[in-house]
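1. Fold the following for me, if possible:
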Amino acid sequence: MPESPITILQRQRALLQAEYAYEKAEFQRLTEATGIEQKVRRGVAWYPLTLGRSYHNSLNQLVVEVTRSESADTDSEREEPSLFEPGKPVCFFSEDASGDRYGTGGLLHYYQFVAQVSYIEEDCMVIALPSPDALEQIRDAYRLGVQLYLDEQTYRLMFEALDEVITAKTGRLADLREMFHSTLPCGKFSFAPVRFPWLNTSQQAAVNEVLWAKDVAVVHGPPGTGKTTTLVEAIYETLRRENQVLVCAQSNMAVDWIAEKLVDRGVSVLRMWSAEAPGLDMKDIATLQFAFICLKGKGEGREVGGILYGSRNLYPGAVFKGVAEGDVAGDHYLQFVCKSRFAQCGFRTYPEY
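-> Prediction:
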């Protein structure tokens, strides 16, 4: 008798839990075995630190400014560049008075909370703390340091996704579970195949399978076989039948490539990425309070989602990356940001939007 889909997924969750436990234990072992000086040289720790001011940022997060009080990470001494980035999880540690400036001989104490990098620039970093109590704990530290922590977000998302699929009783999620792990057939439309002379035979077949699919279609193939080209064509053709399509990929580069190809086809694209994506200036985010910004021409503004915006004179000191005040939208991307109750998000739009 074949296993039920729920049993299969529960086994996958147990394997994922074992992997997560191993990763966490290995991280703890390496943390304890690696000296502070080596961590600093590898770019995964700042030590020692000087605490600066603390305040609530635009997302009402409690943040604290920290500065490397003795810059051991100079160009001549550095082995690897700093790996701290906005959005990365970090943990604080302190050393007692018996150690030297690099933690040799002193007893290290790791604080039992996880914080997150909000903004970083050279020797200064702004870190979001989980609670006021966390701030009180580190204020009295003799020699304070900070290092990167195990990024548990990916595991957390996988656990949440598996739990939702496993516990689904009815509805679309339960149906998809049965389609992937049982014998429930996928629905398909029955219209005649569409011809795409600029694609090869297998690419045409894949695009038509996507168009026929009511539930799910999987396009699989080795590198270099034109899967992304096929995907762009499938999205473009779907937009002739649907109002909008949400596109996700495993990397920012992949999403950018798809977006650019769609824009070349005349499709209006709204690009969204997470706060830790490269190229997004967190200082700019902190100064902007509107949800949507676009420069249509000198002195012009328009209303989107009920929020009025226009010239950056509305918010003195705000900086739009790569866009000067009064610029007319050209072929370059206009980058802008939003304030969200959940997270800071960046958006990119194109002149056609």
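2. Tell me who's in contact with the closest residue to Pro89 other than its chain neighbours.
-> The spatial neighbour of Pro89 that comes closest, neighbours along the chain excluded (CB to CB, 6 or more residues apart in numbering), is Tyr149 at 4.3 Å. For the C-beta atoms, the positions are set from N, CA and C on the backbone; glycine is no exception. If a contact means CB atoms under 8 Å, 6 or more residues apart in numbering, then Tyr149 has 27, 89-91, 114 as its contacts.
3. Could you rerun that using 6 Å?
-> Listed by CB atoms under 6 Å, 6 or more residues apart in numbering, the contact set of Tyr149 reads 89-91, 114.
4. just so I have it, where are all the helices in the stretch 1-150 of the chain?
-> If you assign secondary structure with DSSP state H, counting those that start in this stretch, the helices in the stretch 1-150 of the chain sit at 5-33, 36-42, 132-139.
5. Including mean pLDDT, could those go into a markdown table?
-> Formatted as a markdown table, those follow (pLDDT from 0 to 100):
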| stretch | mean pLDDT |
| --- | --- |
| helix 5-33 | 92 |
| helix 36-42 | 88 |
| helix 132-139 | 93 |
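6. right, and those - which one's nearest Asn57?
-> Distances from Asn57 to each of the helices of the stretch 1-150 of the chain were compared by CB to CB, and the smallest falls on helix 132-139, at 13.7 Å.
7. For the lengthiest strand in the chain, output the C-alpha coordinates as PDB.
-> Among all segments of the chain classified by DSSP state E, the strand with the greatest residue count is strand 45-56. Taking C-alpha atoms only, strand 45-56 is exported to PDB below (Å, rounded to 0.1, in the frame of the first residue of the first chain):
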ATOM      1  CA  ALA A  45      32.800  39.700  13.800                       C
ATOM      2  CA  TRP A  46      33.400  43.200  15.000                       C
ATOM      3  CA  TYR A  47      35.400  43.600  18.200                       C
ATOM      4  CA  PRO A  48      35.600  45.600  20.400                       C
ATOM      5  CA  LEU A  49      32.500  47.800  20.000                       C
ATOM      6  CA  THR A  50      31.400  51.200  21.300                       C
ATOM      7  CA  LEU A  51      27.700  51.600  21.800                       C
ATOM      8  CA  GLY A  52      26.100  54.700  20.500                       C
ATOM      9  CA  ARG A  53      22.600  56.100  20.700                       C
ATOM     10  CA  SER A  54      19.500  54.000  20.700                       C
ATOM     11  CA  TYR A  55      16.100  54.900  19.200                       C
ATOM     12  CA  HIS A  56      13.100  53.600  17.400                       C
END
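8. Residues contacting it, please?
-> Contacts of strand 45-56 from elsewhere in the structure, counted by CB under 6 Å, 6+ apart, are 36, 39-40, 62, 64-69, 135, 143-147.
9. Between those, which sits nearest Thr7?
-> Taking CB to CB as the measure, Gln147 is the one of the contacts of strand 45-56 closest to Thr7, at 40.3 Å.
10. of the contacts of strand 45-56, closest to Val126?
-> Among the contacts of strand 45-56, and counting by CB to CB, the member closest to Val126 is Glu65, at 5.4 Å.
11. looking at the sheet around the closest one, what are its partners?
-> According to DSSP bridges, Val126 are recorded as the beta-bridge partners of Glu65.
12. Contact partners for it?
-> If you count contacts by CB under 6 Å, 6+ apart, then Glu65 has 52-53, 126 around it.
13. let's see it at 8 Å
-> If you count contacts by CB under 8 Å, 6+ apart, then Glu65 has 51-54, 124-127 around it.
14. any idea which of these has the most stuff around it?
-> The member of these surrounded by the most neighbours (other CB atoms under 10 Å) is Ile127, with 26 neighbours in all.
15. what pLDDT does it get?
-> Each residue has a pLDDT score; the one for Ile127 is 95.
16. before we move on, what about Leu148?
-> Value for Leu148, per-residue pLDDT: 93.
17. Val210 is in what secondary structure piece?
-> Here Val210 sits within helix 201-212, counting by DSSP states H and E.
18. Give me the residues contacting that helix.
-> 188-191, 193-196, 199, 217, 219, 221, 225-227, 229-230, 233-234, 237-238, 241.
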